[in-house]
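Novice: this is a predicted model, with the sequence first.
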Amino acid sequence: MDTLLRSMAGQAQSTLIASQPSRVMGRELEPTPYRIVPVPYYAMLASVPFCPAILGTVNTELRQQRGNLVHIHAPNPWADVAALRAPRDVPVVMTWHSDIVRQQMLLKLYGPMQQKALLRADRIIVFTPKHYESSAQLQQARIEHKVHAVPIGIDFAQLDETPSEDAVRAELLQWAAGRPIILTVGRHVYYKGYHHLLEAVAALQSDAVLLMIGTGPLSAELQRHARERQLLDRVRFLGEVSRGVLATALRTCDVFCLPSIERSEAFGIASAEAMACGKPTVVCDLDNGVNCLNRAGETSLLTPPRDERALADALDQLVRDDAMRARMGAAANRWVRSSFGIDAMRDGTLALYKTLL
């Protein structure tokens, strides 16, 4: 959202209503070219902030004529209710990120409201055509006529202008000791498939090492898994890192891996950033937006989800074949930079807005 709103500065006046942990409410926010209205949340329930204050805040903003269009991101029950409560003459745009995959009990309770919100929305944005084609919940609503594919935009300028941290690069290369570096970036949550990636590393025929950036609820469990499998000499957990360290890791690695096992992974921004840095990717075939980004055999190698042997073989193939790695990395760079830039996202979104205003 931040990338989109920054890109629209000067062409649209935007207000971001964003949930914030109640314990940090009142802290000064970093300056942005758009207005931010923080609302407190008190707990996370099924990965969704418990944030009832958002409902009154949206209505207040509309009453005070600070907006003539509501743009929500789904799935999110609070955003759906806010859209349903918006006046009928206020158009609603919804960006659909992913179906609810794991929380089936929640879906039974929330599904009817979700369907009402889909029907209420005037336009629905998906990042790729595959997002709609592979979404059971969008298909159920029968709203194809208002679904529009607008590519997610990567801020290549920020990526290119972030200087590498030479000391970090030197330290990573010293740790790797001449071994190929596989990089993965993401939250440590179930659908990312990191347990399967660790098993794939254990099965590698090459001497490649794995660098993991990110944290999450499963961090301790993943570190214990690596220790029990005696992988700590070839797996390194960096945790949360600065933008400079991330850029350094993206430029230093040989291969990027996105081992996600569920369609909760709808695109994979980290893999797009790696591709923009000229890195080939190994990803799981989820038959959704991940496949649109990662082109099988051209920029990426795709493997079946949860197939640790296939994942290991694909990683081995790339780290052992310098020519293939260079060819696919160059193709990845061309593809992502020509198709997933900020301009396409901004222009596509503004064009949809203009059809409603």
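Specialist: Looks like it arrived, so ask away. Residues are numbered from 1 along each chain as shown.
Novice: all strands in the chain, in order from the N-terminus.
Specialist: 15-21, 35-41, 44-45, 48-49, 70-74, 92-96, 123-126, 147-149, 181-185, 209-213, 235-239, 255-258, 281-284, 300-303 (DSSP state E).
Novice: export those strands to TSV and tack on distance to residue 167 and mean pLDDT?
Specialist: Where C-beta positions appear, they are placed from N, C-alpha and C, glycine not excepted. Below are the strands of the chain laid out as TSV (distance: least, Cβ to Cβ, whole Å; pLDDT from 0 to 100):
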stretch	distance to residue 167	mean pLDDT
strand 15-21	33	76
strand 35-41	34	83
strand 44-45	36	68
strand 48-49	37	72
strand 70-74	38	92
strand 92-96	39	95
strand 123-126	41	96
strand 147-149	42	95
strand 181-185	17	99
strand 209-213	16	98
strand 235-239	14	97
strand 255-258	22	99
strand 281-284	27	98
strand 300-303	31	98
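Novice: including mean neighbour count and distance to residue 337, could these go into JSON lines?
Specialist: Output for the strands of the chain, formatted as JSON lines (neighbours: other Cβ atoms under 10 Å; distance: least, Cβ to Cβ, whole Å):
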{"stretch": "strand 15-21", "mean neighbour count": "17", "distance to residue 337": "27"}
{"stretch": "strand 35-41", "mean neighbour count": "17", "distance to residue 337": "30"}
{"stretch": "strand 44-45", "mean neighbour count": "13", "distance to residue 337": "35"}
{"stretch": "strand 48-49", "mean neighbour count": "18", "distance to residue 337": "34"}
{"stretch": "strand 70-74", "mean neighbour count": "21", "distance to residue 337": "25"}
{"stretch": "strand 92-96", "mean neighbour count": "23", "distance to residue 337": "23"}
{"stretch": "strand 123-126", "mean neighbour count": "24", "distance to residue 337": "21"}
{"stretch": "strand 147-149", "mean neighbour count": "17", "distance to residue 337": "19"}
{"stretch": "strand 181-185", "mean neighbour count": "24", "distance to residue 337": "19"}
{"stretch": "strand 209-213", "mean neighbour count": "22", "distance to residue 337": "22"}
{"stretch": "strand 235-239", "mean neighbour count": "16", "distance to residue 337": "26"}
{"stretch": "strand 255-258", "mean neighbour count": "28", "distance to residue 337": "16"}
{"stretch": "strand 281-284", "mean neighbour count": "28", "distance to residue 337": "15"}
{"stretch": "strand 300-303", "mean neighbour count": "24", "distance to residue 337": "16"}
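Novice: save these as CSV, and put in distance to residue 270 too.
Specialist: Listed next are the strands of the chain as CSV, based on distance: least, Cβ to Cβ, whole Å:
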stretch, distance to residue 270
strand 15-21, 22
strand 35-41, 25
strand 44-45, 22
strand 48-49, 22
strand 70-74, 19
strand 92-96, 19
strand 123-126, 19
strand 147-149, 21
strand 181-185, 4
strand 209-213, 8
strand 235-239, 13
strand 255-258, 7
strand 281-284, 10
strand 300-303, 13
